[in-house]
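>>> the sequence isn't on hand, but the structure is:
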(Lines give C-alpha, C1' and ligand atoms only; values in the text may rest on other atoms or scores of the structure.)
Protein backbone atom coordinates (compact mmCIF):
# COMPACT_ATOMS: atom_id res chain seq x y z
CA UNK A 1 0.00 0.00 0.00
CA UNK A 2 1.66 3.16 -1.20
CA UNK A 3 1.70 5.95 1.36
CA UNK A 4 3.21 8.42 -1.10
CA UNK A 5 1.81 8.40 -4.61
CA UNK A 6 3.01 10.07 -7.75
CA UNK A 7 0.31 9.12 -10.18
CA UNK A 8 1.94 10.52 -13.31
CA UNK A 9 4.91 8.39 -14.39
CA UNK A 10 5.91 10.98 -16.95
CA UNK A 11 5.36 14.59 -17.95
CA UNK A 12 6.37 16.41 -21.12
CA UNK A 13 6.63 20.22 -21.18
CA UNK A 14 7.86 22.85 -23.60
CA UNK A 15 10.83 24.95 -22.60
CA UNK A 16 9.74 28.18 -20.92
CA UNK A 17 6.41 26.79 -19.76
CA UNK A 18 5.43 25.72 -16.26
CA UNK A 19 5.98 22.15 -15.09
CA UNK A 20 3.67 20.91 -12.34
CA UNK A 21 4.51 17.64 -10.63
CA UNK A 22 1.97 16.22 -8.23
CA UNK A 23 2.20 14.03 -5.15
CA UNK A 24 -0.45 12.62 -2.81
CA UNK A 25 0.02 11.01 0.58
CA UNK A 26 -2.21 8.97 2.83
CA UNK A 27 -0.47 8.99 6.22
CA UNK A 28 -1.73 11.88 8.38
CA UNK A 29 1.41 11.58 10.52
CA UNK A 30 3.54 12.92 7.68
CA UNK A 31 4.68 16.37 8.58
CA UNK A 32 7.68 17.17 6.41
CA UNK A 33 7.88 16.81 2.67
CA UNK A 34 10.78 16.77 0.25
CA UNK A 35 11.43 16.72 -3.46
CA UNK A 36 14.46 15.08 -5.02
CA UNK A 37 15.75 15.26 -8.55
CA UNK A 38 17.60 12.41 -10.23
CA UNK A 39 19.59 12.44 -13.44
CA UNK A 40 20.51 9.15 -15.17
CA UNK A 41 23.58 7.43 -13.70
CA UNK A 42 23.64 9.80 -10.70
CA UNK A 43 22.28 9.66 -7.17
CA UNK A 44 19.15 11.61 -6.21
CA UNK A 45 19.82 15.14 -5.06
CA UNK A 46 17.72 17.13 -2.63
CA UNK A 47 15.78 19.92 -4.32
CA UNK A 48 13.34 21.59 -1.95
CA UNK A 49 11.31 20.82 1.17
CA UNK A 50 8.31 22.09 3.04
CA UNK A 51 7.09 21.73 6.59
CA UNK A 52 3.41 21.30 7.38
CA UNK A 53 3.34 24.66 9.12
CA UNK A 54 3.69 26.28 5.71
CA UNK A 55 1.64 26.01 2.56
CA UNK A 56 4.30 27.27 0.19
CA UNK A 57 8.07 27.28 -0.10
CA UNK A 58 9.97 28.92 -2.90
CA UNK A 59 13.54 28.59 -4.10
CA UNK A 60 14.31 30.32 -7.35
CA UNK A 61 12.39 28.66 -10.17
CA UNK A 62 11.11 25.93 -7.85
CA UNK A 63 8.05 26.27 -5.62
CA UNK A 64 6.41 23.58 -3.55
CA UNK A 65 2.79 23.93 -2.47
CA UNK A 66 1.22 21.91 0.31
CA UNK A 67 -2.49 21.32 0.81
CA UNK A 68 -2.76 19.45 4.09
CA UNK A 69 -6.50 19.00 4.03
CA UNK A 70 -6.25 17.29 0.65
CA UNK A 71 -3.00 15.51 1.56
CA UNK A 72 -1.53 16.82 -1.65
CA UNK A 73 1.62 18.62 -2.63
CA UNK A 74 2.93 19.88 -5.91
CA UNK A 75 6.21 21.09 -7.32
CA UNK A 76 6.10 23.97 -9.79
CA UNK A 77 9.04 24.75 -12.04
CA UNK A 78 8.83 28.10 -13.79
CA UNK A 79 10.17 28.57 -16.38
CA UNK A 80 11.08 25.02 -17.30
CA UNK A 81 14.47 24.44 -18.89
CA UNK A 82 15.84 21.43 -20.81
CA UNK A 83 18.31 20.88 -17.97
CA UNK A 84 15.34 20.21 -15.68
CA UNK A 85 14.71 16.95 -17.53
CA UNK A 86 15.09 14.31 -14.84
CA UNK A 87 13.11 11.99 -12.58
CA UNK A 88 11.53 13.79 -9.63
CA UNK A 89 10.77 11.94 -6.43
CA UNK A 90 8.40 13.15 -3.77
CA UNK A 91 9.11 12.02 -0.20
CA UNK A 92 7.32 12.42 3.14
CA UNK A 93 8.23 11.87 6.76
CA UNK A 94 6.83 12.43 10.23
CA UNK A 95 7.68 15.44 12.40
CA UNK A 96 11.38 15.90 13.06
CA UNK A 97 12.48 15.72 16.67
CA UNK A 98 16.03 16.46 17.75
CA UNK A 99 18.12 13.31 17.94
CA UNK A 100 15.60 11.20 16.04
CA UNK A 101 16.15 9.23 12.86
CA UNK A 102 13.33 9.84 10.47
CA UNK A 103 13.00 7.75 7.40
CA UNK A 104 11.46 9.36 4.34
CA UNK A 105 8.91 7.39 2.36
CA UNK A 106 9.40 7.93 -1.37
CA UNK A 107 6.96 7.99 -4.24
CA UNK A 108 7.70 6.11 -7.44
CA UNK A 109 8.84 9.20 -9.31
CA UNK A 110 7.77 11.28 -12.28
CA UNK A 111 10.00 11.54 -15.33
CA UNK A 112 9.99 15.13 -16.60
CA UNK A 113 11.06 15.88 -20.14
CA UNK A 114 11.46 19.52 -21.12
CA UNK A 115 11.58 20.01 -24.88
CA UNK A 116 13.64 22.86 -26.37
CA UNK B 1 27.96 13.18 -3.98
CA UNK B 2 27.84 15.02 -0.66
CA UNK B 3 30.70 12.98 0.80
CA UNK B 4 29.17 9.55 0.23
CA UNK B 5 31.34 7.05 -1.64
CA UNK B 6 29.98 3.77 -2.97
CA UNK B 7 32.02 0.89 -4.35
CA UNK B 8 31.88 -0.78 -6.76
CA UNK B 9 29.99 1.37 -9.27
CA UNK B 10 29.23 -1.61 -11.50
CA UNK B 11 29.15 -5.34 -10.87
CA UNK B 12 27.94 -8.40 -12.76
CA UNK B 13 27.28 -11.54 -10.76
CA UNK B 14 26.06 -15.03 -11.51
CA UNK B 15 23.10 -16.42 -9.61
CA UNK B 16 24.25 -17.76 -6.27
CA UNK B 17 27.40 -15.68 -6.00
CA UNK B 18 27.94 -13.38 -3.06
CA UNK B 19 29.22 -9.85 -2.90
CA UNK B 20 29.36 -6.80 -0.65
CA UNK B 21 28.54 -3.23 -1.59
CA UNK B 22 30.55 -0.71 0.37
CA UNK B 23 29.48 2.74 1.48
CA UNK B 24 31.61 5.26 3.28
CA UNK B 25 30.93 8.82 4.42
CA UNK B 26 33.52 11.49 5.01
CA UNK B 27 31.35 13.29 7.55
CA UNK B 28 30.27 12.14 10.99
CA UNK B 29 26.56 11.51 10.62
CA UNK B 30 24.77 8.84 12.59
CA UNK B 31 22.10 7.76 10.13
CA UNK B 32 22.92 5.76 7.02
CA UNK B 33 20.61 4.02 4.56
CA UNK B 34 20.59 1.53 1.72
CA UNK B 35 17.97 1.89 -1.02
CA UNK B 36 17.36 0.10 -4.27
CA UNK B 37 15.87 1.73 -7.31
CA UNK B 38 13.96 -0.23 -9.91
CA UNK B 39 12.03 1.08 -12.93
CA UNK B 40 8.54 2.18 -11.91
CA UNK B 41 9.16 1.29 -8.27
CA UNK B 42 10.88 4.38 -6.97
CA UNK B 43 13.33 4.18 -4.08
CA UNK B 44 12.74 1.32 -1.69
CA UNK B 45 14.50 1.09 1.64
CA UNK B 46 16.44 -2.12 2.24
CA UNK B 47 18.11 -1.46 5.59
CA UNK B 48 19.10 1.51 7.66
CA UNK B 49 21.36 2.29 10.58
CA UNK B 50 20.49 4.98 13.09
CA UNK B 51 23.89 4.82 14.75
CA UNK B 52 27.12 2.84 14.88
CA UNK B 53 26.42 -0.77 15.79
CA UNK B 54 22.67 -0.66 15.13
CA UNK B 55 20.77 -1.74 12.04
CA UNK B 56 17.10 -2.14 11.17
CA UNK B 57 15.11 -3.62 8.34
CA UNK B 58 13.40 -1.47 5.80
CA UNK B 59 10.72 -2.27 3.26
CA UNK B 60 12.60 -4.92 1.23
CA UNK B 61 15.27 -6.58 3.42
CA UNK B 62 14.96 -10.18 2.21
CA UNK B 63 18.13 -11.53 0.62
CA UNK B 64 20.35 -8.85 2.15
CA UNK B 65 22.47 -8.35 5.22
CA UNK B 66 24.14 -5.20 6.47
CA UNK B 67 26.96 -4.24 8.74
CA UNK B 68 27.71 -0.96 10.52
CA UNK B 69 31.00 -1.64 12.24
CA UNK B 70 31.97 2.00 12.60
CA UNK B 71 30.44 5.39 12.08
CA UNK B 72 31.94 5.92 8.63
CA UNK B 73 30.99 2.70 6.88
CA UNK B 74 27.77 0.83 6.14
CA UNK B 75 28.01 -2.24 3.94
CA UNK B 76 25.31 -4.25 2.16
CA UNK B 77 25.88 -7.94 1.50
CA UNK B 78 24.18 -10.30 -0.87
CA UNK B 79 24.90 -13.82 0.33
CA UNK B 80 23.40 -15.65 -2.64
CA UNK B 81 22.53 -13.29 -5.46
CA UNK B 82 19.32 -13.75 -7.43
CA UNK B 83 18.23 -12.15 -10.73
CA UNK B 84 15.53 -10.26 -8.78
CA UNK B 85 18.34 -8.37 -7.07
CA UNK B 86 19.39 -6.78 -10.34
CA UNK B 87 19.01 -3.12 -9.50
CA UNK B 88 20.73 0.16 -8.79
CA UNK B 89 21.68 0.48 -5.14
CA UNK B 90 22.05 3.80 -3.37
CA UNK B 91 23.61 4.54 -0.04
CA UNK B 92 22.50 7.69 1.76
CA UNK B 93 23.38 9.64 4.88
CA UNK B 94 21.14 11.86 6.97
CA UNK B 95 22.51 14.69 9.09
CA UNK B 96 20.98 14.71 12.54
CA UNK B 97 17.98 16.98 12.88
CA UNK B 98 17.50 17.26 9.15
CA UNK B 99 15.04 15.42 6.99
CA UNK B 100 17.16 15.53 3.88
CA UNK B 101 19.11 12.48 2.78
CA UNK B 102 22.29 12.85 0.77
CA UNK B 103 22.91 10.04 -1.66
CA UNK B 104 25.93 8.40 -3.18
CA UNK B 105 26.26 7.97 -6.94
CA UNK B 106 24.89 4.44 -6.91
CA UNK B 107 26.09 0.91 -7.60
CA UNK B 108 24.59 -0.85 -10.61
CA UNK B 109 24.31 -4.59 -10.01
CA UNK B 110 23.34 -7.17 -12.61
CA UNK B 111 22.68 -10.76 -11.60
CA UNK B 112 22.63 -13.23 -14.46
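Sure, I can see it. Only a predicted model underlies this, so the values are computations on that prediction, with no experimental measurement involved.

>>> output the set of residues of chain B in proximity to chain A.
Within chain B, the positions adjacent to chain A are B:1, B:4, B:30-31, B:33, B:35, B:40-45, B:48, B:50-51, B:58, B:90, B:92, B:94, B:96-106 by Cβ under 8 Å from any Cβ of the partner chain. (Glycine included, C-beta is placed from N, CA and C.)

>>> and if we set it to 6 Å?
Applying Cβ under 6 Å from any Cβ of the partner chain, we find that chain B lies next to chain A at B:1, B:31, B:42-43, B:50, B:90, B:97, B:99-100, B:103-106.

>>> please name the bridge partners of the residue nearest to the spatial centre of chain B.
Geometric centre of chain B, nearest residue: residue B:34, 3.0 Å, by Cα atoms, centre = their mean. Beta bridges link residue B:34 to residue B:47, residue B:91 when assigned by DSSP bridges.

>>> residues in contact with it?
Residues counted as contacts of residue B:34 (Cβ atoms under 6 Å, 6 or more residues apart in numbering or on different chains) are B:46-47, B:76, B:91.

>>> separation between it and residue A:64?
In this view, residue B:34 and residue A:64 are 27 Å apart by Cβ to Cβ, to the nearest Å.

>>> coming back round to it: out of the contacts of residue B:34, who's the most crowded?
Compared across the contacts of residue B:34, residue B:91 has the highest neighbour count, 30 neighbours, by other Cβ atoms under 10 Å in any protein chain shown.

>>> correct me, but it touches residue B:21?
No - between residue B:91 and residue B:21 there is no contact, the gap being 7.6 Å when judged by Cβ atoms under 6 Å.

>>> buried ones among the residues of chain B next to chain A?
B:1, B:31, B:42-43, B:50, B:90, B:99-100, B:103-106 (16 or more other Cβ atoms under 10 Å in any protein chain shown).
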